[in-house]
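Asker: below are the sequence and a predicted model for it; my questions follow.
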Amino acid sequence: MNMKDGNILIQYNHDVASLVLSDVVEQNWTEIDKQHQRAIATSEVLISSLGHNVFDDFGKKALFGRCFMFMDAQSPKVVRIERHEG
């Protein structure tokens, strides 16, 4: 979900979400743009309006945010929460 402030909220199952901060994306855009295909799991196919595993800037940002969600499928548990105090 693209938010009014430019951040992106990625929602998963079980009321879990990742927030992609626009300023973090801006600081790392060159690398995100270059490496976004590495965020796709082996044999995974994601279909966008541009085609199979083809992404616009929003899709690349969403893939970047998805990289921060690591979960054990058999026994999910949160191991760390990071917050920026500003």
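Answerer: It's in.
Asker: point out where the chain drops to low pLDDT.
Answerer: Along the chain, segments meeting pLDDT under 70 span 70-77, 86.
Asker: how far does the longest helix anywhere in the chain sit from the chain's center?
Answerer: As assigned by DSSP state H, the longest helix anywhere in the chain is helix 22-35. Distance of helix 22-35 from its chain centroid, counting by C-alpha atoms, centre = their mean, to the nearest Å, is 12 Å.
Asker: ok, stretch 47-63 next?
Answerer: Mean-position distance between stretch 47-63 and its chain equals 11 Å (C-alpha atoms, centre = their mean).
Asker: that stretch: end-to-end distance?
Answerer: Length of stretch 47-63, first residue to last, C-alpha to C-alpha, to the nearest Å: 13 Å.
Asker: now the strands for this structure?
Answerer: 8-11, 17-20, 47-48, 51-52 (DSSP state E).
Asker: contact partners of the last one?
Answerer: Outside strand 51-52, the residues that touch it by C-beta atoms under 8 Å, 6 or more residues apart in numbering are Val45, Leu46. (Glycine included, C-beta is placed from N, CA and C.)
Asker: now the spatially most central residue of the chain: closest residue in space, sequence neighbours ignored.
Answerer: With distances taken as C-alpha atoms, centre = their mean, the residue of the chain nearest its centroid is Gly65 (2.0 Å). With sequence-adjacent residues excluded and distances taken as C-beta to C-beta, 6 or more residues apart in numbering, Gly65 is closest to Val20, at 3.6 Å.
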